[in-house]
Every structure is written in C-alpha cells, then in structure tokens.
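A.B. asks: Predicted model and sequence below, questions to follow.
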Amino acid sequence: MNKDILSVVFISVILLSLFNSCSDGSNTLTPFEETKYRTIAYNSLSDQEKATIISDWKYAPVKKGIYHLENENIHQLIFSSDDKLIFILNKEDLTLAENQKLVAVTFNTYADALLGPLIIIIDTRSNEVIGGVVRF
C-alpha cells in the first residue's frame, strides 16, 4: 500500500512540475506550440515565397518574445535585452498591448544573403500572423 501512495505522490509531483513549467511566463515553447506556429507562418506565405525556402520548413526556428512599441512607428519583438526584432504590422489599425506575447518564425531562403530571411510575426493570443520583418 505504501508503494501505491508513493507512486501517486511521485506522479503528482511530476505533473505539477510540468504544468508550472508551461505557465511560468517564460519564453520557452513546447514542441506542440513550435509546430503550431511554424504551420501558421508557413501557411501565410505565398507559393513564390514557399519556393524560396532552402531547408525543411518544419524545422524553422521559432522564438517567443514580448511586444514593445518604441515610438508610434517602431514595433519591436524583444527576446532579451540584446536580442530584438523590428517589424511591420500587416494592418495599420492593429492594436497590440505592451508586453504582449508574440512569436517569430524564421524561414531561410535562397535570397538570405541579399534580402535576409523571411520572418513572420504571430500573435499568441489569436494565433494569427500580424506582421513580419522587412527584407531589404
């Protein structure tokens, strides 16, 4: 009987640890979330953009960060104090909250050396593409 109680306690501790790690507000994503955001980003690309991707899109890097409006025209996705992206919104009338969680999905393409990679920005609340990084 003691082994059964010990097993239940052990399993409970493991489950609580898993739930706490998923809701700690950190910038880590679960494999399921990474796959979901990659798929959303990939499906938002045109056929022409998809044709330029050089590696398997299913392994594209996915990073979670927070939104910051530097001024009325500079939208930033902040991953850490020294890791930031400036991006444009798909719609001018889109309103984002300061510190709102966003995700960036990066697709490497044949034109990265010239234009930079395709980087798609997704709102984690609505699971919608809200913008992207300008390619030069």
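C.D. replies: All right, it came through fine.
A.B. asks: and V62, what does it touch?
C.D. replies: 29, 33-34, 37-38, 103-106 (CB atoms under 8 Å, 6 or more residues apart in numbering). All C-beta atoms are positioned from the backbone trio N, CA, C, and that covers glycine.
A.B. asks: now with 6 Å?
C.D. replies: 34, 37-38, 105 (CB atoms under 6 Å, 6 or more residues apart in numbering).
A.B. asks: Out of those, who's the most crowded?
C.D. replies: Among those, the one with the most neighbours (other CB atoms under 10 Å) is V105, at 25 neighbours.
A.B. asks: and it, which of the three is it?
C.D. replies: Per DSSP: H, G, I helix; E, B strand; the rest coil, the local secondary structure of V105 is strand.
A.B. asks: What count of nearby residues applies to the residue lying closest to it once chain neighbours are set aside?
C.D. replies: Computed as CB to CB, 6 or more residues apart in numbering, the closest residue to V105 that is not its neighbour in sequence is A41, at 3.7 Å. Using other CB under 10 Å, A41 is surrounded by 24 other residues.
A.B. asks: What distance do you get for A41 to A104?
C.D. replies: Remark: distance between A41 and A104 (CB to CB, to the nearest Å) = 9 Å.
A.B. asks: how far away is the residue most central in space within the chain from V129?
C.D. replies: In the chain, the centroid-proximal residue (CA atoms, centre = their mean) is V103; its distance is 2.3 Å. According to CB to CB, V103 stands 10 Å off from V129.
A.B. asks: ok, now E98?
C.D. replies: 20 Å.
A.B. asks: Repeat that for T109.
C.D. replies: Going from T109 to V129 by CB to CB gives 17 Å.
A.B. asks: what's the closest of the contacts of V62 to W57?
C.D. replies: The closest of those to W57 turns out to be R38 (CB to CB; 6.7 Å).
A.B. asks: I figured the closest one hits A60, correct?
C.D. replies: Yes. If you go by CB atoms under 6 Å, R38 and A60 touch, sitting 5.4 Å apart.
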